[in-house]
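Student: Have a look; sequence and predicted model below, questions after that.
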Amino acid sequence: MDDLAYGTRNKRGDWTPNERPQIAFFWSTPFDLKKWGSFLIGYVWPWNVFHMAVTLLYWYYVLPEWETMKTMSWDWALRLYAVNCAGIFVMYGAIEFFYYFKRRQGTRFKYNGKFPSEQPSDVFWFKSQNIDNFLRSFLWGIPMWTLVEVLVLWCYANEYVYWLSFEEHPYWLAFVLLISPMIHEVNFFFIHRAIHWPPLYKWIHSIHHNSVNPSPWSSLSMHPVETFLYHGVAFWHLVIPSNPFLALFQLNMAGYGAVNGHIGFEKLELTEGASLDSHAYLHYLHHKHFEVNYGGDGLIPLDKWFGTWHDGSKESDEQMQARYAKKVARVNAGS
């Protein structure tokens, strides 16, 4: 595919899409029926269909009996950890292998013209972003994900929370399923914004931001506190009337879906004429500029509302620089 038909490349080799990201259309034109059709297709396919398929596999083939999960046990906890590790190794590893190691599409559609393996740095273990990110993901990223998973399932198994059935409450649970991506986006924004507070950033979030040029292994490379809070989005299903299947779907969306913002490419070329959109640009800009795009992809436009939206345009750059100038002025005035 010709990526220059979709964007431009600067002298450094960095690629930028021509089409700027937009917030969800219904915030401005809620009654446009044509847009609703295309929106709903993109809302479901392909990523949320994938997360649903993974959740069904977990539900029918991975989870122990509910009687077993009434008791905390290393046996079933380690089983879940092993499955989570295997799933991430296959999914993230496949993208890393084909697009970062084999480089099957070179730098076409790649936001940053360089690959992490070309940029050794002392901020990473063994001076390697790939090794550092891989180890952090499996040593505490996935363990914290699994801890949240175990706690949620244990609470449901012991009926510490009210458990709605699909037979008796199909419409409500369908609604909760429909808004699960919105729950994720709101939770992510406020957790993310909080850990950008300087003391928390220094001790917690800076580990993730070491990867200025992220790749799939960067997705879950976080401090243990951050990854626990991130996957803790599943705890919302212990607060709102819900079902453990939906809590598991929410958790898989966080775990497997973390890769979306860290793929590093606008499109992954599958065949000569087919590609998969990543929706990664907004979060790539967050890794590049640090203090913009704390939320997701504009489904709930919290960045717009709080003044931290950046769509890659010159105007967004100017607004960002103006915020930086005000921040510096406040710091200087207080010193």
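Tutor: Perfect, thanks for sending it.
Student: the helices in this structure, which residues?
Tutor: Using DSSP state H, the helices of the chain run over residues 33-44, 47-57, 74-95, 129-136, 142-157, 170-194, 198-200, 206-209, 224-231, 244-257, 281-289, 302-306, 314-334.
Student: will you turn those into TSV that also has distance to E118 and mean pLDDT?
Tutor: Bear in mind the C-beta positions are built from the backbone N, C-alpha and C, glycine included. Converted to TSV, those look like this (distance: least, CB to CB, whole Å; pLDDT from 0 to 100):
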stretch	distance to E118	mean pLDDT
helix 33-44	33	90
helix 47-57	29	97
helix 74-95	18	98
helix 129-136	10	97
helix 142-157	27	98
helix 170-194	28	97
helix 198-200	31	94
helix 206-209	19	96
helix 224-231	27	97
helix 244-257	27	98
helix 281-289	17	95
helix 302-306	31	96
helix 314-334	26	86
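Student: Let me know which of these is the nearest to N18.
Tutor: Closest of the helices of the chain to N18 is helix 281-289, at 11.4 Å (criterion: CB to CB).
Student: With adjacent residues omitted, what lies nearest to the residue nearest the centre of the chain?
Tutor: Among the residues of the chain, the one closest to the centroid is A258, at 2.9 Å (CA atoms, centre = their mean). Spatial nearest neighbour of A258, chain neighbours left out: S219 (4.0 Å); criterion: CB to CB, 6 or more residues apart in numbering.
Student: That neighbour against G261, yeah?
Tutor: Yes. The criterion here is CB atoms under 8 Å, and S219 meets it with G261 at 7.4 Å.
Student: Compare neighbour counts for the two and give me the winner.
Tutor: Between S219 and G261, counting by other CB atoms under 10 Å, S219 is the more crowded of the two (27 against 23).
Student: Now for the more buried one: which residues touch it?
Tutor: Contact partners of S219, counting by CB atoms under 8 Å, 6 or more residues apart in numbering, are Y92, S137, A258, V259, G261, H262.
Student: Mind picking the two most distant members of these?
Tutor: S137 and G261 (14.5 Å).
Student: Tally up the residues packed near L40, please.
Tutor: Close neighbours of L40, defined as other CB under 10 Å, add up to 11.
Student: Tell me the spacing between it and F31.
Tutor: 15 Å (CB to CB, to the nearest Å).
Student: Span of stretch 40-55 from start to end?
Tutor: This stretch, stretch 40-55, spans 20 Å end to end (CA to CA, to the nearest Å).
Student: So what's the gap between it and the chain middle?
Tutor: Averaged C-alpha coordinates place stretch 40-55 at 14 Å from its chain's average position (CA atoms, centre = their mean, to the nearest Å).
Student: Stretch 232-249 too?
Tutor: 18 Å.
Student: export that stretch as CSV, just CAs?
Tutor: What follows is stretch 232-249, C-alpha atoms only, in CSV (Å, rounded to 0.1, in the frame of the first residue of the first chain):
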residue,chain,number,x,y,z
GLY,A,232,-9.0,-2.0,37.9
VAL,A,233,-11.6,-0.7,35.5
ALA,A,234,-13.2,-4.2,36.0
PHE,A,235,-14.1,-3.2,39.6
TRP,A,236,-16.8,-0.9,38.1
HIS,A,237,-18.8,-4.1,37.6
LEU,A,238,-18.8,-4.7,41.3
VAL,A,239,-20.4,-1.2,41.8
ILE,A,240,-22.9,-1.0,39.0
PRO,A,241,-25.5,-3.9,38.6
SER,A,242,-23.7,-6.3,36.2
ASN,A,243,-22.6,-9.8,35.5
PRO,A,244,-19.2,-11.5,35.8
PHE,A,245,-19.1,-12.2,32.0
LEU,A,246,-19.3,-8.4,31.4
ALA,A,247,-16.6,-7.8,34.0
LEU,A,248,-14.4,-10.3,32.2
PHE,A,249,-15.1,-8.6,28.9
